[in-house]
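Engineer: quick one: sequence and predicted model below, then my questions.
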Amino acid sequence: DAGVTQSPTHLIKTRGQQVTLRCSPKSGHDTVSWYQQALGQGPQFIFQYYEEEERQRGNFPDRFSGHQFPNYSSELNVNALLLGDSALYLCASSLEGGRNTDTQYFGPGTRLTVL
Amino acid sequence: AQKITQTQPGMFVQEKEAVTLDCTYDTSDPSYGLFWYKQPSSGEMIFLIYQGSYDQQNATEGRYSLNFQKARKSANLVISASQLGDSAMYFCAISSLNDYKLSFGAGTTVTVRA
């Protein structure tokens, strides 16, 4: 049973550039959430996708956008990168809409460094 | 809004001993779920254990157990018979019926000594 996969593993960008991160959910899962984890902190929720729509969004600017495809995989796009966007980006998948009883399973993360 | 507080930034434990990680939470939703995750230095967030707000019994999963005290709004994780591989950061998180996201605490670093 394949778990959550993310690509790439590491990424280095410069300020002002744009980046796209990818996530494939755990087999059978239909909901994908994205989190940003700065060094030494807990993950912060960016947004969640269900049925190809953004269902909930955290306190992140519009520079952060996403997409979910019919096969439930997802992309996170960040435009106009800032130094403060350097972080570990975690994707999590869950089943049946990600309500409080639905466990979110995380991928290995993409470590983004902005220079 | 939901909030998780983990007051222990770091803990040391001897191999084969038990360790308790503290977690207190705040939520206005009557229905919620509490989760514990382990994050090794590799970065992947590994799900350990879940407790629902209406569950009558404390959750257990192998060497992990959750000491759930609803009136005190606490959900402490107990790791029994610690192993060297348990050295990692541990996060407590909450989600609720009306909120899809997981809200995480700041985490507790556990170091297991041989």
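Structural biologist: Looks like it arrived, so ask away.
Engineer: which residues of chain A lie near chain B?
Structural biologist: Remark: the part of chain A in contact with chain B comprises A:33, A:35, A:41-45, A:48, A:55-56, A:58, A:88, A:90, A:92, A:97-101, A:103-109, A:111, using CB under 8 Å from any CB of the partner chain. Using the backbone N, CA and C atoms, a C-beta is placed for each residue, glycine as well.
Engineer: could you tell me which of the residues you listed belong to strands?
Structural biologist: The members of the residues of chain A next to chain B that map onto strands under DSSP state E are A:33, A:35, A:44-45, A:48, A:55-56, A:88, A:90, A:92, A:105-106, A:111.
Engineer: which among these end up buried?
Structural biologist: The neighbour-count test (16 or more other CB atoms under 10 Å in any protein chain shown) marks A:Ser33, A:Tyr35, A:Gln44, A:Phe45, A:Gln48, A:Arg55, A:Leu88, A:Leu90, A:Ala92, A:Tyr105, A:Phe106, A:Arg111 as buried among those.
Engineer: can you list the ones in strands among the residues of chain A next to chain B in JSON lines and add pLDDT and distance to B:Leu97?
Structural biologist: What follows is these, written out as JSON lines (pLDDT from 0 to 100; distance: CB to CB, whole Å):
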{"residue": "A:Ser33", "pLDDT": "96", "distance to B:Leu97": "16"}
{"residue": "A:Tyr35", "pLDDT": "98", "distance to B:Leu97": "20"}
{"residue": "A:Gln44", "pLDDT": "97", "distance to B:Leu97": "21"}
{"residue": "A:Phe45", "pLDDT": "97", "distance to B:Leu97": "16"}
{"residue": "A:Gln48", "pLDDT": "94", "distance to B:Leu97": "15"}
{"residue": "A:Arg55", "pLDDT": "91", "distance to B:Leu97": "14"}
{"residue": "A:Gln56", "pLDDT": "92", "distance to B:Leu97": "13"}
{"residue": "A:Leu88", "pLDDT": "97", "distance to B:Leu97": "29"}
{"residue": "A:Leu90", "pLDDT": "98", "distance to B:Leu97": "23"}
{"residue": "A:Ala92", "pLDDT": "97", "distance to B:Leu97": "18"}
{"residue": "A:Tyr105", "pLDDT": "95", "distance to B:Leu97": "20"}
{"residue": "A:Phe106", "pLDDT": "97", "distance to B:Leu97": "22"}
{"residue": "A:Arg111", "pLDDT": "97", "distance to B:Leu97": "33"}
